[in-house]
Structures are given as structure tokens and as C-alpha cells.
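Provide a 3D model corresponding to the input given below.
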Amino acid sequence: MRRILHGSLTVDNAPLDLVDWVTGNVTIVSTFELANTGTRYEDNQRIAYIPAPRDMTCQAIDGDLRAVFTRARVRLAEISGAIDVRNDFGSTKLTVARALAEKPHRIVSQSGRVAVHLERDVLGKLAVRALTNCGTVRTNFKRELLDEVHFSTANGPEAVHGDWRGFQSSSLQRFSPDMRRLAAVLAGTERTNGLDLVSRAGTLVLSIDP
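Here you go, the predicted model:
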């Protein structure tokens, strides 16, 4: 039986697998490997190992979601507020079935897979950017909605230095990328509304219902 939580929820490195039906903001920090690790012997070598990443589902949240994971398999759906998720080395899947809030949203990763599936007409006026340094970005969006973008920079904060490629809303300036916004997305600081997706060395998939 589903039970509703009235009020905000904060989770700090607890072995939680599901956040469901919360009327308030949710904050999650999961930076420890909350599983048994160890060392085994194989081929005359010692191997330090960790198990597969934990599964984590966040859904039906009537508020903002802010989460930091070192490595998890994260699934997101039915979030009415701002989405701010950093999952450094795990996979993140976001399903959007209704209009996103007019707020700044981001999903960022170092090398994890980021997949976002949207039903039609849910973006509203929100601009979209999906960028990688040395990974892959895939989309089935038509060019009139998302255009290619590729730029290099050695200016601004060190975090943005390098080559960037991917797709962004066709309404954005293709040849004048906003370095300050990219720096803010990577740092999780204040910026204007929009949906920003970054996996520096992983795969990004942005899909929409045909």
C-alpha cells in the first residue's frame, strides 16, 4: 500500500531504494557505497571489488528534487518541481509525462548514461541543452526542435575548458554558446530556467514520442 509523506524529506547516505509520493521537497545525498565490498584472489592477483550499483527510484514528488549520487541506477518520474541530480558514475533515467516546472533543471554525470524521454508538448518554453566532452549524444528530435552544437573553449572557469558537442534547442544561439551558464550547470549554481543534461564521458539519450 502506498503511503503519502506530507512534508520535506532529507536522506543522507542511507540505504534507500524508493522515494514515492512526497508532498514536499526531497534532498538525497548518497556518496558512500552502501554495500558489501571486499578483496578476492584470482590469477595470482588480489582484486578489490564493489558490487553493481544500487537501484534508486524517485517518483510522485510534489516539490523539488535535489540529489547527489556517486554511483547508482536512478529512475525519475512525476516530479513537479525543479530537478537537480548529479550522478557521477551511475545511470539516470528521467521520464517526463507532463509539463516540467518553469525552473532550472539539470542532470549531470562524469561518465554515466543519462536518458530522458519526453511526451510531446511537455517542455513548454524551456530550452534544452544536452552536451558531452568525449561521450555520445543521441536524439530522435527533429532538427527544427534541436540543432547540433559543437564548440571549444579555454576561457572562463576551468570546469568548462575543452571540447563540447551535442544538441540544444534551435531557438538558442548556435555559434555563441553561454559559457557562464555551462559553468553554472556544472557547479549547480543559479541560472535561468531550462533543462540541461551533461555526461562528460558517457552517453546521453534524449527522446520524444513520435
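
pLDDT weak spots in this protein?
Scanning the chain for pLDDT under 70 picks out 1, 175.

could you pull out the helices for it?
All helices of the chain, identified by DSSP state H, fall at 179-187.

I'd like the distance between the closest residue to Ala154 other than its chain neighbours and Asn87.
Once flanking residues are discounted, Ala154 sits nearest to His161: 5.4 Å by CB to CB, 6 or more residues apart in numbering. Any C-beta I mention is one placed from the backbone N, CA and C, and that applies to glycine too. His161 sits at a distance of 23 Å from Asn87 (criterion: CB to CB, to the nearest Å).

Dead centre of this protein: give me the residue that sits there.
Geometric centre of the chain, nearest residue: Ile107, 1.9 Å, by CA atoms, centre = their mean.

Look up the closest residue to that one, ignoring the ones flanking it.
In space, Ile107 is closest to Val85, 4.8 Å off (CB to CB, 6+ apart).

The one you found and His6, how far apart?
Taking CB to CB, one finds Val85 at 23 Å from His6.

Which one's more surrounded, those two?
Val85 (24 against 9; other CB atoms under 10 Å).

beta partners of that one?
Using DSSP bridges, the beta-bridge partners of Val85 come out as Ala67, Ile107.

What separation do you get for it and Val108?
In terms of CB to CB, Val85 sits 8 Å off from Val108.

Repeat that for Lys125.
From Lys125 to Val108 the distance is 22 Å (CB to CB).

Looking at those two, which is more packed in?
Val108 (23 against 10).

so what's the closest residue to that one other than its chain neighbours up against?
With sequence-adjacent residues excluded and distances taken as CB to CB, 6+ apart, Val108 is closest to Val198, at 4.5 Å. With contacts defined as CB atoms under 8 Å, 6 or more residues apart in numbering, the neighbours of Val198 are 106-109, 114, 130-132, 185-186, 204.

if we can go back for a sec, looking at His161 and Asn87, which has the bigger crowd around it?
Asn87 (27 against 14).

Would you confirm that the more buried one contacts Ser111?
No: using CB atoms under 8 Å as the test, Asn87 is too far from Ser111 to be in contact (10.1 Å).

How about the residue in the protein that sits furthest from its center?
Asn44 (40.0 Å).

Can you tell me, leaving aside adjacent residues, what's nearest to Thr92?
Val74 (4.5 Å).

Distance-wise, check Val137 relative to Glu144.
18 Å.

more crowded one of these two?
Val137 (22 against 7).

thought the more buried one was touching Phe167?
Yes: counting by CB under 8 Å, Phe167 is a contact partner of Val137 at 5.9 Å.

so what sits against both of those two?
130, 206.

residues touching His6, list them.
23-24.

For it, which residues count as its bridge partners?
Note on His6: beta-bridge partners by DSSP bridges are Thr23.

any idea how far Asp20 is from it?
For His6, the distance to Asp20 - CB to CB - is 14 Å.
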